[in-house]
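[1] Kindly return the folded structure for what I paste below:
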Amino acid sequence: MQYAKWWSNGREDQCSREFHDFSLSPTTKLCSIDMSPRQEISLYNEVIKNEQEGPVDFERAISLTGYGKFNYLLLLAILPAGWASIYGSTSMSYVLPSAECDLSLTMFDKGLLNSMPFAGMIVTAFFWGFLTDTYGRKKVLTYGYLTTSIFSFASCMSHASWLLILFKFINGILISGPYAALMSYLAEVHGEQQRSRIYMWLGVFFSLGHISIPCLAWIIIPQDFRIPIFNGSMDFTSWRMFLALCALPEFIAFIVLTWFPESPRFLLSKGRDDEALEVFRYIYALNTGKNGDTYAVKCVTDESYVKTQETTLLNKFQGGWLQMKPLFTSPYSYRLILIGMIQFGATIGSNTLRLWMPQLFAMIETYEASHPVGSDEEFPSICVMLEQTNTTVDTINKHNFINNTIEMEKICAPVVLNSTVYLNSIVIAVTGVIGYALAGSLINCAGKKKLMMFCFLSAGLCCGILYWAENSGGILGISSVFVALSSIGGAAVTNVIVDNFPTPLRAMAISMMMMMGRIGAVIGNLLFPLLFKLSCLGPFFMIGMACLVCAILVFFIPAKKSDFKESIESA
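    Purely as a prediction, here's the structure:
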């Protein structure tokens, strides 16, 4: 009726604007036609009908499905899917202290176990993109989470360190595929207005995952039980149960995602327009409670996706190179190298120390248990506590190796595993989440470059102070501040990428930065035990220097204002 009032009152300009807002085809002198209000409304409805019956693009089609039950159910489904990625990459850090004697783990073995999930993600990242674009998002999601859960569960039955390392590498290979497919799927079943909201919720779920895994470890791992399995050749212990439970999010994600349809945008990219229309109708019916036949759109297409569809792996490589090529030309090559080095160093700092903290806390608890308050060395530094604990274990292992391996189980003295080890890990996880939560507000207040320089510089100083910490409480406080600062600095790196690369290159630049971050996580976790064996100072020096170098490199990032000027001149 509002349109009838405008037309009858002679407000043709308002009518034209409203028709434009509804994305209707131009109608010549529609508002100036002399007709009754009833005829005007009838004509408007017919124009709407003609618009929906004609070919409609993806954004229009998905917006007409509404927002409701389908989207809420998908939110519930991505909770276990998001946790699966967190559990797959961080579960080993909580297992290392308790599995040390069962698997005869050396410090370097522990570094391998921490780094293998990231190494697996690196080697197959491009291959998973090809499979996702070729066979669909749903197949990669369902089969990916199913196979990941199988290998994750199998890892709890590992009888040797090499087998567990292999399982974690395979887990990293498998989990990267569903993760990439999930990112695409979420964007392709939501309209433009809802995408930022759904990714915000995904970030919340990731944060909850970071907190939930040390909570699960706190409940399960300190329990002391051994159940003989496989005719007594192996004992099922608390750390094996923990790994088995860490496979649950992946299996639950597989079950719930089987009930969701294929991405309509993927179907359009394959020319399967009728199937895409059925998916739109299904989403519409679930969101509105109406029959799918009442969905206004009768024909949907997306020509841009059909034209850019790649069919072979070779074409995918060629297409990927064409996308990456501009990144290696001026002025983007300088920015790519600079920001890539910052991301590399930031991940060496944050992911290395975060993944090693449960092991370090267990070693500290072991020292404090054998050196109660009032003993000769009342205020030892962190290195005194770590080096003495590590020397004791090494001596036992060498003695057993020279004599016989049968005595190893009897003589091996595992580190102390009490609730304090995992409560400390929970505190660190919470501070990391708080850091991510504050990052957005702090970036707006202080500016990206200033905030990054402050965070990386302060994080580097925290590593120096940590070297002289004298008790577990001080170590926990300094470690928590370090993780919070490195989290804020790492979150700001993504914002810097957005400012320094144009929209066509932004997605590829972010992907390459993620790759640099994973490489940093692998190298950092492998160097930590090697440097620790040389000197306790070594790993802390590495992490501190990585943060300080990042703070210096941030100074050379081009300012956003100059970027804007550059884009105007190039245009």
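
[2] Look up how far N114 lies from L548.
    Noted for L548: a distance of 23 Å to N114, by Cβ to Cβ, to the nearest Å. (C-beta placed from N, C-alpha, C; glycine too.)

[3] Ok, V297 next?
    On the measure of Cβ to Cβ, V297 and N114 end up 50 Å apart.

[4] between the two, who's got more neighbours?
    N114 (28 against 20; other Cβ atoms under 10 Å).

[5] Wait, that one touches R354, no?
    No - using Cβ atoms under 8 Å, N114 is not in contact with R354, being 9.8 Å away.

[6] Please enumerate the shared neighbours of those two.
    Taking Cβ atoms under 8 Å, 6 or more residues apart in numbering as the criterion, N114 and R354 both touch S93.

[7] mind listing what's buried in the host helix or strand of M452?
    In this structure, M452 sits in helix 448-466 according to DSSP states H and E. By 16 or more other Cβ atoms under 10 Å, the buried positions in helix 448-466 come out as 448-449, 451-463, 466.

[8] What of stretch 151-170?
    151-158, 161, 164-165, 167-170.

[9] Show me what the host helix or strand of G129 is packed up against.
    Following DSSP H and E, one finds G129 within helix 125-135. Counting contacts by 3 or more Cβ pairs under 8 Å, 6 or more residues apart in numbering; DSSP states H and E, helix 125-135 packs against helix 137-155, helix 161-188, helix 313-324.

[10] Apply 10 Å and report the result again.
    With contacts defined as 3 or more Cβ pairs under 10 Å, 6 or more residues apart in numbering; DSSP states H and E, helix 125-135 has these neighbours: helix 137-155, helix 161-188, helix 264-269, helix 313-324, helix 503-534.

[11] Out of those helices, which one sits most buried?
    helix 264-269 (a mean of 24; mean count of other Cβ atoms under 10 Å).

[12] quick one, what contacts the residue nearest to L257 when sequence neighbours are not counted?
    Excluding its sequence neighbours, the residue lying closest to L257 (Cβ to Cβ, 6 or more residues apart in numbering) is L141, at 5.0 Å. Counting by Cβ atoms under 10 Å, 6 or more residues apart in numbering, L141 touches 77, 81, 132, 177-182, 184-185, 253-254, 257-258, 260, 262-263.

[13] for this protein, which spans come out with low pLDDT?
    Along the chain, the parts satisfying pLDDT under 70 run over 1-54, 302-320, 323, 372-379, 389-416, 440, 503, 560-571.

[14] just so I have it, where are all the strands in it?
    55-56, 227-229, 234-236, 299-300 (DSSP state E).

[15] Of all those strands, which one is nearest Q359?
    When the strands of the chain are compared by Cβ to Cβ, strand 234-236 sits nearest Q359, at 21.4 Å.

[16] Show me which positions of the closest one end up buried.
    By neighbour count on 16+ other Cβ under 10 Å, the buried set for strand 234-236 is 234, 236.

[17] Sheet-wise, list the partners of it with their directions.
    strand 227-229 (antiparallel) (DSSP bridges).

[18] Contacts for the partner strand, please.
    157, 234-237, 240-241.

[19] Kindly recompute the last result at 6 Å.
    Here strand 227-229 makes contact (Cβ atoms under 6 Å, 6 or more residues apart in numbering) with 235-236.

[20] again, but for stretch 470-479
    For stretch 470-479, using Cβ under 6 Å, 6+ apart, the contacting residues are 357, 364, 379, 382, 424, 428, 462, 465-466, 469.

[21] now do stretch 168-181
    Outside stretch 168-181, the residues touching it (Cβ under 6 Å, 6+ apart) are 85, 88, 113, 116-117, 120-121, 124-125, 128, 132, 137, 140-141, 144-145, 147-148, 151-152.

[22] In the chain, which helix is the longest?
    helix 332-370 (DSSP state H).

[23] So which elements touch that helix?
    The helices and strands touching helix 332-370, judged by 3 or more Cβ pairs under 6 Å, 6 or more residues apart in numbering; DSSP states H and E, are helix 69-103, helix 382-403, helix 419-446, helix 472-500, helix 503-534, helix 537-554.

[24] Please state the offset of that helix from the chain centre?
    Put simply, helix 332-370 sits 16 Å off its chain's centre (Cα atoms, centre = their mean, to the nearest Å).

[25] Offset the numbering so it begins at 5, please.
    Renumbered: residue one is now 5, and that last one reads helix 336-374.

[26] Report the angle between that helix and helix 541-558.
    Interaxial angle, helix 336-374 versus helix 541-558 (axes from the mean of the first three to the mean of the last three Cα atoms, to 10 degrees): 150 degrees.

[27] Alpha carbons of stretch 516-528, as CSV, please.
    Extracted C-alpha coordinates of stretch 516-528, given in CSV (Å, rounded to 0.1, in the frame of the first residue of the first chain):
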residue,chain,number,x,y,z
MET,A,516,50.2,-17.8,1.9
MET,A,517,50.5,-16.1,5.3
MET,A,518,48.7,-19.1,6.9
MET,A,519,51.2,-21.3,5.2
MET,A,520,54.1,-19.2,6.6
GLY,A,521,52.5,-19.5,10.0
ARG,A,522,52.4,-23.3,9.8
ILE,A,523,56.0,-23.5,8.6
GLY,A,524,56.9,-21.3,11.6
ALA,A,525,55.0,-23.7,13.9
VAL,A,526,56.9,-26.7,12.5
ILE,A,527,60.3,-25.1,12.7
GLY,A,528,59.8,-23.7,16.2
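
[28] Need phi/psi at K274.
    phi -100, psi 0 (degrees, to the nearest 10).

[29] Compute the distance between it and R141, please.
    12 Å.

[30] Over to F246?
    Distance from F246 to R141, by Cβ to Cβ: 31 Å.

[31] How about S97?
    Using Cβ to Cβ, one obtains 30 Å as the distance from S97 to R141.

[32] from what I can see Y149 touches I259, true?
    No - counting by Cβ atoms under 6 Å, Y149 does not reach I259; the two are 8.8 Å apart.

[33] Look up the closest residue to T128, ignoring the ones flanking it.
    Nearest residue to T128 in three dimensions, chain neighbours excluded: I177, at 5.0 Å (Cβ to Cβ, 6+ apart).

[34] ok so, going back, can you name the residues in contact with the helix holding M456?
    446-447, 482, 485-486, 489-490, 492-493, 496, 499-500, 544, 547-548, 551-552, 554-555, 558.

[35] Export the helices and strands packed on helix 336-374 as TSV, with columns for distance to M345.
    Formatted as TSV, the helices and strands packed on helix 336-374 follow (distance: least, Cβ to Cβ, whole Å):
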stretch	distance to M345
helix 73-107	22
helix 386-407	29
helix 423-450	20
helix 476-504	11
helix 507-538	8
helix 541-558	6
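
[36] For W205, find the nearest of those helices.
    W205 sits nearest to helix 73-107 of all these, at 5.9 Å, using Cβ to Cβ.

[37] And the closest one, what's buried?
    Neighbour-count burial for helix 73-107 flags 74-75, 78, 81-107 (criterion: 16+ other Cβ under 10 Å).

[38] Show me what that helix is packed against.
    Applying 3+ Cβ pairs under 6 Å, 6+ apart, one finds that helix 73-107 makes contact with helix 111-127, helix 165-192, helix 196-224, helix 242-250, helix 252-261, helix 277-292, helix 336-374.

[39] Go again with 7 Å.
    The criterion is 3 or more Cβ pairs under 7 Å, 6 or more residues apart in numbering; DSSP states H and E, and the helices and strands that helix 73-107 contacts are helix 111-127, helix 141-159, helix 165-192, helix 196-224, helix 242-250, helix 252-261, helix 277-292, helix 336-374.
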